[in-house]
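Peer 1: okay, structure incoming, though there's no sequence with it:
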């Protein structure tokens, strides 16, 4: 061990002294943002985490972008068109754009960016969704690219504004450094990435859009401790805290020095029921669980009221959401009645697996369902263990007696297909996808597929209404609530907004 | 009348003797009192607490202490007082199980190692050194992550990192006792090794082992709390003190009672075991 | 003496091999698949398989261990799955923070614990003794994550005296190092007290008293010097528990050290990081223990840790 220390010219004293003397990002020109978790990568195409996406947002851009009113606008592409079938898309690229490392942005760069996702050997974390529908990308001329799709994909333009489609410098990609050193085209560029401490971004004065509107620097830090996030906002160590812990939200609301933002989110929380396991294979039992659930109670206790009780598998912000649905009231008697009909007059026992941060939902359900005679065993698991258990196949879940899994899913503004297909389509049954309860209904599969190939928005949304009704009736999930996106800022901070699902945008924020 | 007086007099004398003993051995008395308090709380929990420690009331969450809820209520509206009382059962179980397991594994290994020749001794001590080199929490994180987080696995993890202490202790005691005249005499008389280990070594080593156990008891409870903090502790809705405290920390700045009362309970228990251990050590110390 | 030192030094690599094997096997036994975690919940099976190959997890275990061990000897601990940076660099970036914290905490613990223990010993059974011992036992009875959060709430949020998080200036060291120092201070105070008491009952100290040597001289030069041995033992042998405490303290204070790094790495099943950090931490503990043993052997040739 001594060897490697010497090799690395590791000098303890000077390192400590250095860290004490170097003034880290201080002063009024720095916007301090604190989130719950560290970035997973500096490469937007190699991560699928919302808070990483938020951190990378000031540095990267896609062909399209979302505006604060959530509409899609041109970004690195200036205009586009598609053929009548919606399978060939042509994009004109914005001229005069350069990556932070000086590499010019052109058709070649776009082609390389998508080629890396289509290359199975590259194995990037966010490639999956693109590969399901994208055939290939070619350069028509230096400033024009053409996308060929395997199938129609209604969320295509929306997807172009997200992680896997954000443009990274081809030079950095070739050098293999993009994962640790961000190089994009955005209004901010990476100044320093200390993976244990912070990510510091500085203004990119050569940005194609003119002088960036935000502060000189953005400094990102993170902690998993809710009380610490609250304290950081109180002391001013953080100007923006995202997501803000619901427990402290009322307190912040009452404090004139701080501002709380609560907007409709897109994360739908649910309990996925193992439909391959007795007695949950009986739809009456699944409905009984839905009736035995006091959604208002959970919203109040777990989210301090900052959530909407779920009446559909879709979040209210998702296109196609039907707010008139009202499938399940809180009715313990009705639940008991259904259990009796299903042959369980004395109730039954089942288990649920849940991650640390959501374990209270498990505890709440435990007490609620007990009133209907259902004994729920809550298995709280650390994240890595949970995801292994949640994505088991039917045999594995049978063996470990995993009756249900508590989790959430957020597809939000990117279209209902991204909610229905991974969660309810029979082809997405785990381990292949996030249909954790192996729900299978040919009629629903047909609806999902039909909607995906319907380009007319109205007709598509009508199909999704049918799909919502079907899911509600078949109850593969006990749908709980849609979380509101909470973030808090010091009172002076202006220009911060959030894309439903918790992706905070701070590049235009001033304090 | 006379008969009563004659009965009281010796009792009084016994009492005053006990008081005098306690005055001399203040640590044992105080430590014993605190530990006894926790044991009593554990046994009498259903009698003292009038409410169910698992009963939720979502209309009365995070209330400050009141007559109805002497310690207030938690984030699910459960009575913290009842949970702390029932939690005493779990904490004592933690102590008994992990210390017991560590002793059962560590002591025989140590004695065997001390009695055997140098190769067995070297090998056992090598393994113990490796385990000992791991910072306890780090080893526990690994073990609990492998086994899955539950109270029992947590206790196994704590037992594994405590065992080397007992192995070392009993080995060193064995080495010392082995060279005592009466043990050497027993060996030369041809008494079986097993009998020597149990009758001559273990019997004489038991004092220091008891002292060490009392001192480890406190560490067990604190380690369990730390592991709960890292998300590797008891499963809900068990009223385990570490888990309660760790839940409560998410509300610090809003409600202090959720973490304060389980924290105090932990402190009193650990304090009790530590004082008792100190006292026992003084009492059993042959040098005095 | 030389033979003893040689024997101890020879045992070092053996222990390190054992430790590395144990860490390696334990990590492989962790439920949870790093490839699945990296690929994310939306990933297809194909993406997970690709990720597995990219991370080298499709190779056999002996192969994986061989490459890990060969790398470790050359000072290469692999690439972090999560950050894609070399683990050695990541550790080198964080180690100074952990060591800085540990050293500050130890200095505090010795600076407070030794005098407190001496005072307790000198006024044995008097009120200073009682107070020191009550504080020492109480200090060893508090869960340090809670103490940390309470201290933050009091000194940073309520009073605004000290920085809340991070390691941006020397003032940032105050809260975490005090929190971390509580337990070793308590242990050192108790240890100092009992060894001082023992030393002071020795004949040569009594002789010194009889000769009329000033009590201050006796305490500081005669008694303390001999009481030092058990204190060194405790400091050396408790390094492991200090590292353990650092894991928790760093997590609370957002301290950029290797303790928090380890906790995060376990969360994401970042195998190379867990391996590397554990190996470095354990090496540190083994070396500290060894130093303590050797120092004691030099100070008092009669004591040997065989």
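Peer 2: That came through fine. Treat the numbers as computed from the prediction; the structure is a model and nothing was measured.

Peer 1: any idea how far residue B:139 is from residue B:155?
Peer 2: The gap separating residue B:139 from residue B:155 is 14 Å, by Cβ to Cβ, to the nearest Å. Placement of C-beta: from N, CA and C, glycine included.

Peer 1: cool, residue A:64 as well?
Peer 2: For residue A:64, the distance to residue B:155 - Cβ to Cβ - is 55 Å.

Peer 1: those two: which is more packed in?
Peer 2: Neighbours of residue A:64 and residue B:155, each counted by other Cβ atoms under 10 Å in any protein chain shown, are more numerous for residue B:155; the result is 24 against 21.

Peer 1: quick check: residue A:301 touching residue A:367?
Peer 2: No: Residue A:301 is beyond contact range of residue A:367, at 10.1 Å (criterion: Cβ atoms under 8 Å).

Peer 1: neighbour count: these two, which is higher?
Peer 2: Taking other Cβ under 10 Å, residue A:301 and residue A:367 do not tie; residue A:301 has more neighbours (23 against 20).

Peer 1: kindly list the longest helix within chain A.
Peer 2: Criterion DSSP state H: the longest helix present in chain A is helix A:457-474.

Peer 1: now do that one: which elements does it pack against?
Peer 2: If contacts are counted by 3 or more Cβ pairs under 8 Å, 6 or more residues apart in numbering or on different chains; DSSP states H and E, helix A:457-474 sits against helix A:283-291, helix A:417-424, helix A:442-452.

Peer 1: show me what secondary structure element comes after that helix.
Peer 2: Using DSSP states H and E, the helix or strand that follows helix A:457-474 in sequence is strand A:477-490.

Peer 1: out of the helices and strands packed on helix A:457-474, flag the one nearest chain B.
Peer 2: Across the helices and strands packed on helix A:457-474, chain B has its closest neighbour in helix A:283-291 (17.7 Å, Cβ to the nearest Cβ).

Peer 1: now the closest one: average pLDDT?
Peer 2: In this model, helix A:283-291 carries a mean pLDDT of 96.

Peer 1: ditto for stretch C:154-163
Peer 2: 78.

Peer 1: repeat that for stretch C:241-250.
Peer 2: The predicted model gives stretch C:241-250 an average pLDDT of 82.

Peer 1: quickly check: it near chain A or not.
Peer 2: No: using Cβ under 8 Å from any Cβ of the partner chain, stretch C:241-250 never reaches chain A; the gap is at least 9.3 Å.

Peer 1: circling back: who touches both of residue A:301 and residue A:367?
Peer 2: residue B:76 (Cβ atoms under 8 Å, 6 or more residues apart in numbering or on different chains).

Peer 1: how near is residue C:176 to residue C:252?
Peer 2: Distance from residue C:176 to residue C:252, by Cβ to Cβ: 8 Å.

Peer 1: quick check: neighbours shared by those two?
Peer 2: Shared contacts of residue C:176 and residue C:252, counting by Cβ under 8 Å, 6+ apart, come down to residue C:148.

Peer 1: hang on, the earlier thing: so which bits of the longest helix of chain A are buried?
Peer 2: A:460, A:461, A:463, A:464, A:465, A:467, A:468, A:470, A:471, A:472, A:474 (16 or more other Cβ atoms under 10 Å in any protein chain shown).

Peer 1: and the nearest residue to residue B:267 once chain neighbours are set aside, helix, strand or coil?
Peer 2: Closest residue to residue B:267 apart from its sequence neighbours, by Cβ to Cβ, 6 or more residues apart in numbering or on different chains: residue C:141 at 4.7 Å. The assignment at residue C:141 comes out as coil when based on DSSP: H, G, I helix; E, B strand; the rest coil.

Peer 1: quick check, pLDDT for residue C:141.
Peer 2: 82.

Peer 1: do the same with residue A:493
Peer 2: 95.

Peer 1: quick check: it touching residue A:239?
Peer 2: Yes: using Cβ under 8 Å as the test, residue A:493 is close enough to residue A:239 to be in contact (5.3 Å).

Peer 1: anything in contact with each of the two?
Peer 2: What both residue A:493 and residue A:239 touch, as defined by Cβ under 8 Å, 6+ apart, is the set A:31, A:511.

Peer 1: comparing the two, which residue is more hemmed in?
Peer 2: Neighbour comparison, residue A:493 and residue A:239: the larger count goes to residue A:239, with 24 against 19 (by other Cβ under 10 Å).

Peer 1: so that one is in contact with residue A:214, correct?
Peer 2: No: using Cβ under 8 Å, residue A:239 makes no contact with residue A:214, being 11.4 Å away.

Peer 1: common neighbours of the two, please.
Peer 2: Residues within reach of residue A:239 and of residue A:214 at once, by Cβ under 8 Å, 6+ apart, are residue A:31.

Peer 1: counting neighbours, what do you get for residue 283?
Peer 2: As the question left the chain open, I've gone with chain A. 15.

Peer 1: wait, chain C was what I had in mind.
Peer 2: There are 18 residues near residue C:283, going by other Cβ under 10 Å.

Peer 1: checking it next. Helix, strand or coil?
Peer 2: helix.

Peer 1: and it, how far from residue C:276?
Peer 2: 11 Å.

Peer 1: again, but for residue B:90
Peer 2: 36 Å.

Peer 1: the two: who's more crowded?
Peer 2: Just comparing residue B:90 and residue C:276: by other Cβ under 10 Å the higher neighbour count belongs to residue C:276, 28 against 19.

Peer 1: correct me, but that one touches residue C:75?
Peer 2: No: Residue C:276 is not in contact with residue C:75 according to Cβ under 8 Å; the separation is 10.7 Å.

Peer 1: now for these two: what residues contact both?
Peer 2: The contact lists of residue C:276 and residue C:75 share residue C:88, where a contact means Cβ under 8 Å, 6+ apart.

Peer 1: make sure residue A:189 is indeed in a helix.
Peer 2: No: remark: residue A:189 does not belong to a helix; assigned using three-state DSSP, it is strand.

Peer 1: need the strands for the stretch 101-250 of chain B, in chain order.
Peer 2: Using DSSP state E, counting those that start in this stretch, no strands are found in the stretch 101-250 of chain B.

Peer 1: write out the residues of it neighbouring chain A.
Peer 2: For the stretch 101-250 of chain B, the residues in contact with chain A (Cβ under 8 Å from any Cβ) are B:145, B:148, B:149, B:231, B:232, B:235, B:236, B:237, B:249, B:250.

Peer 1: any chance of those in CSV, plus neighbour count?
Peer 2: Below are those laid out as CSV (neighbours: other Cβ atoms under 10 Å in any protein chain shown):
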residue, neighbour count
B:145, 25
B:148, 16
B:149, 23
B:231, 23
B:232, 26
B:235, 20
B:236, 20
B:237, 21
B:249, 25
B:250, 23
